[in-house]
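>>> Dropping a prediction and its sequence here:
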There are 2 protein chains.
Amino acid sequence: MTMPKSAQPFPRSEYLRRLAAVKSEMEKREIDVLLVTTPANIAYLSGYTSKSGYVPQGLVVSSKDEEPTFITRRMDAPAAIHQMFIDRSHVIGYPEALIANPDRDGYDAIIDFIVDQGFGRKSIGLERKFLPALTAEKFKSRAADAKLVDCTNAVTWIRGLKSDLEIGIMREAAAISDAGMLKAKEVIRPGTREADASAEIIATLARGANGKPGTDLASFFLCATPRTSTCHIRWTEDTFQQGSQINLEFSGVRHGYTSPLMRTMSIGKPADHLRRLHEGEVAGLEAALAAAKTGSTCSDVATAFNTTLRKHGFEKESRCGYAVGIDWTEPTASLKEGDMTVLRPNMTFHLMLGNWINEDLGYVISETFRVTNAGGEPFTKLPRELFEL
Amino acid sequence: MTMPKSAQPFPRSEYLRRLAAVKSEMEKREIDVLLVTTPANIAYLSGYTSKSGYVPQGLVVSSKDEEPTFITRRMDAPAAIHQMFIDRSHVIGYPEALIANPDRDGYDAIIDFIVDQGFGRKSIGLERKFLPALTAEKFKSRAADAKLVDCTNAVTWIRGLKSDLEIGIMREAAAISDAGMLKAKEVIRPGTREADASAEIIATLARGANGKPGTDLASFFLCATPRTSTCHIRWTEDTFQQGSQINLEFSGVRHGYTSPLMRTMSIGKPADHLRRLHEGEVAGLEAALAAAKTGSTCSDVATAFNTTLRKHGFEKESRCGYAVGIDWTEPTASLKEGDMTVLRPNMTFHLMLGNWINEDLGYVISETFRVTNAGGEPFTKLPRELFEL
């Protein structure tokens, strides 16, 4: 028996549409072949979400082939055959001898393939910013006659503009995020360990919502008193107390797509200064969503937020959001003053209003939204509350 | 109020011992200052496990300072003050203006610090293999008068040899892995969705065992029929059936330390060929553990496994294990023929006998062990069974 194809989250036509956009960009940049190595970009162009990216792998896109070719460690080839929309002949497994080998690794197999395909003297696009330094040098020495062109984020920018099908999947992820936050409201109680509450919330994110299970776990952060000024601690061995404040950030995942969500909770009545900060941030959030309409810029959205927050007597140093989709952050557009990216319908952002003001005061709220002509349309259905437990 | 220190998983003396080993290695390599950027190595030398490594950060170790200095994004500084054993004056937060800025990033702040400390014309060690290509170039241009020395894995090799304190923490992680596997045995049933079973297992990994909660989640893979030839798929939307085979790989986590574990399960009687493969692998596992004693080499262990498996009529292409500890794999020693690393007491390995033979047949079993004079001592207390559910 050979490996069957999995149920595909998108039809073939959707992947071909994405590839057509990439090939058009390659033509514009005069690239003959593009090597895609960022896992999120590989997922975007093929449907592959298996976690093999800790060893070298690459999706090779060229205008001469309708389907890209994936070069991966041999033990990961069956997962690629299963998940990717492409024909199995386009999945090439490199031998195990290239693992933990100081002289040759999977990138050598990738370079060999690219050269064998006749691109040794052509223009090769690389996602250079994310390639390890020693790998970039390997391309220079082993494909010495090729023209190496930095294409970092070329695919990522295309990925920024979602199709309606992708928006549908992100809404499914958002429903899971909402279910997780409601579970948090239910299980966070004085005397409960942070780890046990996290276990319940994370289990909810895996079980999913509306009959659609989570397909992966994304980042998860539970930063509670006395750590509300921190943002990237998973959880601790502590127990919640009466008066504890809890800052939560996590996301449901559907086929790689995320829809992050943040909310702040308080066991008992929140302190006045926290309540005031919450009111300022919610006003800012609403101003930002109103500003996030087709034709505005990222900068406009940030200005709307910052101006409103300032009226409430607060400042936020960090950007107020970023493009979001597969594997969470897209390292392209930022919701910050000076980012002149023009908003188009179905761009999606995590309006991330975490505000860690000093070692004593941190507050979080966020929503993931899509751009529409009428402004930002959030995916969450949760109220914008400072939840009192 | 300023941020309090968290309960530390290790005493200060343990961190100073680790730093002394690193400084001694730096002296041997004639390095004046070492920049540690690998998250697992930062955790090892400081206790920091917050997940800020998706933006530039670095721990600067120099022989002139007892404590290292951590340079991180400003919003992550409170978590570093909280978790690291070092004094708060050794945590430096760089401003938000360096995030999503095409011209300057956190590495510029790190380079500025190193140069300001007087190392601009000295010898600077970098974990070059894992630095992005553009960052490596930045060091070359911005610290042009320094001698840049590749120190990839210098700290990682030191990390390979665990203290008894670390072994104790890895045993706690192992007990959590065991609890997860027992939960899997309990919840995997015909008609249950893979996602729901995964939710229960993962929740167990977060809750922990013996009153010690999990402190993080590590990789988790549930590859069930018809995907038993795959190894890195999280889980799917499918439902288990009578006759399904389930290959599991996951780990409990304590303070960053993992103790990975794999087992294969079958709903109903396993097929004969699977049973035969299981018997060969278990015999190989036992031979490998017997061979894994002080003074042997990694190659000896692999030979013991491969010879035994071959006697049972099977081959395994991939290496049969690797060094393991913080954040799972240590990219140093491999249990493979030809790896002449000499085993020393308290080195720890994941004896990883996943064997994905063809698209129809994959089987997994693994144990994490420490080297002793009498052979490999596994941390798991589970039987070496092909679990029939």
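Looks like it came in fine. Numbering: from 1, shown residues only, chains lettered A, B, ... in the order given.

>>> from here on, contacts and neighbour counts on C-alpha atoms
OK.

>>> What sits closest to residue A:164 if chain neighbours are left out?
Nearest residue to residue A:164, sequence neighbours excluded (Cα to Cα, 6 or more residues apart in numbering or on different chains): residue A:346, at 7.6 Å.

>>> Tell me the spacing between that neighbour and chain B.
22 Å (Cα to the nearest Cα, to the nearest Å).

>>> pretty sure that residue contacts residue A:167?
Yes. The pair residue A:346 / residue A:167 is scored as a contact, 7.4 Å apart, by Cα atoms under 8 Å.

>>> The stretch 201-350 of chain A: helices as residue ranges?
Shown for the stretch 201-350 of chain A, the helices assigned by DSSP state H, counting those that start in this stretch span residues A:272-291, A:298-311.

>>> Let me know which of those is the nearest to chain B.
helix A:298-311 (12.9 Å; Cα to the nearest Cα).

>>> What does the pLDDT read for the residue lying closest to residue A:305 once chain neighbours are set aside?
Take residue A:305 and drop its neighbours on the chain: the residue closest to it by Cα to Cα, 6+ apart is residue A:284, 4.4 Å away. We have a pLDDT of 98 for residue A:284.

>>> List the residues that contact the residue nearest to residue A:164.
If a contact means Cα atoms under 8 Å, 6 or more residues apart in numbering or on different chains, then residue A:346 has A:161, A:162, A:163, A:164, A:167, A:370, A:371, A:372 as its contacts.

>>> re the thing from before, arrange the helices of the stretch 201-350 of chain A in a markdown table, one row each, with mean neighbour count as further columns.
Converted to a markdown table, the helices of the stretch 201-350 of chain A look like this (neighbours: other Cα atoms under 10 Å in any protein chain shown):
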| stretch | mean neighbour count |
| --- | --- |
| helix A:272-291 | 20 |
| helix A:298-311 | 22 |
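
>>> now the ones you listed as CSV including distance to residue A:242?
As requested, these are arranged in CSV below (distance: least, Cα to Cα, whole Å):
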stretch, distance to residue A:242
helix A:272-291, 16
helix A:298-311, 29
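
>>> Figure out which of those is closest to residue B:99.
With respect to residue B:99, and counting by Cα to Cα, the nearest of the helices of the stretch 201-350 of chain A is helix A:298-311 at 15.0 Å.

>>> which parts of the stretch 51-200 of chain A sit against chain B?
A:51-52, A:75-79, A:96-97, A:100, A:128-136, A:195-196, A:198-200 (Cα under 8 Å from any Cα of the partner chain).

>>> Using PyMOL, make a named selection holding only the buried ones among those residues.
Selecting only the buried entries of those in PyMOL, with 16 or more other Cα atoms under 10 Å in any protein chain shown as the criterion:
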select buried, chain A and resi 51+52+75+76+77+78+79+96+100+128+129+130+131+132+133+134+135+136+195+196+198+199+200
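
>>> Would you state the strands of the stretch 1-150 of chain A in chain order?
Counting by DSSP state E, counting those that start in this stretch, the stretch 1-150 of chain A has strands at residues A:33-36, A:58-62, A:69-73, A:91-94, A:123-126, A:147-150.

>>> got TSV for these, with mean pLDDT, distance to residue B:245 and mean neighbour count too?
Conversion of the strands of the stretch 1-150 of chain A to TSV gives the following (pLDDT from 0 to 100; distance: least, Cα to Cα, whole Å; neighbours: other Cα atoms under 10 Å in any protein chain shown):
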stretch	mean pLDDT	distance to residue B:245	mean neighbour count
strand A:33-36	98	34	25
strand A:58-62	98	30	23
strand A:69-73	98	23	24
strand A:91-94	98	24	21
strand A:123-126	97	40	23
strand A:147-150	96	44	17
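
>>> got those as CSV, with distance to residue B:216 columns?
Listed next are the strands of the stretch 1-150 of chain A as CSV, based on distance: least, Cα to Cα, whole Å:
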stretch, distance to residue B:216
strand A:33-36, 30
strand A:58-62, 29
strand A:69-73, 27
strand A:91-94, 32
strand A:123-126, 34
strand A:147-150, 36
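
>>> could you measure the closest residue to residue A:297 other than its chain neighbours against chain B, distance?
Nearest residue to residue A:297 in three dimensions, chain neighbours excluded: residue A:342, at 4.4 Å (Cα to Cα, 6+ apart). Residue A:342 sits 17 Å away from chain B, going by Cα to the nearest Cα.

>>> same thing with residue A:190?
Distance from residue A:190 to chain B, by Cα to the nearest Cα: 17 Å.

>>> What of residue A:44?
In terms of Cα to the nearest Cα, residue A:44 sits 17 Å off from chain B.

>>> Over to residue A:168?
Distance from residue A:168 to chain B, by Cα to the nearest Cα: 17 Å.

>>> Flag every buried residue along the strand or helix carrying that residue.
If you go by DSSP states H and E, residue A:168 is part of helix A:164-187. Within helix A:164-187, the residues scored as buried using 16+ other Cα under 10 Å are A:166-167, A:169-181, A:183-185, A:187.

>>> cool, and stretch A:238-254?
A:238-241, A:243-254.

>>> I'd like to know if that stretch reaches chain B anywhere along the stretch.
No. Counting by Cα under 8 Å from any Cα, chain B has no neighbours in stretch A:238-254; the shortest distance is 9.7 Å.

>>> Report the mean confidence score over that stretch.
The model assigns stretch A:238-254 a mean pLDDT of 98.

>>> for the residue of chain A found nearest chain B, what are its contacts?
Proximity of chain A to chain B (Cα to the nearest Cα) peaks at residue A:133, 3.7 Å away. Counting by Cα under 8 Å, 6+ apart, residue A:133 touches B:128, B:129, B:130, B:131, B:132, B:133, B:134, B:135, B:136.

>>> Number of residues surrounding residue A:7?
Other residues lying near residue A:7 total 13 when counted by other Cα atoms under 10 Å in any protein chain shown.

>>> Report the beta-bridge partner residues of the residue nearest to residue A:32 when sequence neighbours are not counted.
Nearest in space to residue A:32, with sequence neighbours left out and distances taken as Cα to Cα, 6+ apart, is residue A:123 at 5.2 Å. On the basis of DSSP bridges, residue A:123 is bridged to residue A:147.

>>> my read: residue A:123 touches residue A:27, true?
No. Here residue A:123 lies out of contact with residue A:27, judged by Cα under 8 Å, at a distance of 10.8 Å.

>>> Please tell me the pLDDT value assigned to the nearest residue in space to residue A:133 that is not next to it in sequence.
Of all residues not flanking residue A:133 in the chain, residue B:133 sits nearest, at 3.7 Å (Cα to Cα, 6+ apart). At residue B:133, the pLDDT value in this model is 82.

>>> Ok, residue A:1 next?
pLDDT, residue A:1: 65.

>>> And for residue A:100?
Reading off the model, residue A:100 has pLDDT 85.

>>> Tell me who's in contact with it.
Residue A:100 touches B:331, B:332, B:334, counting by Cα under 8 Å, 6+ apart.

>>> Isn't the last one up against residue B:324?
In other words, residue B:334. No. The criterion here is Cα under 8 Å, and residue B:334 misses it with residue B:324 at 9.9 Å.
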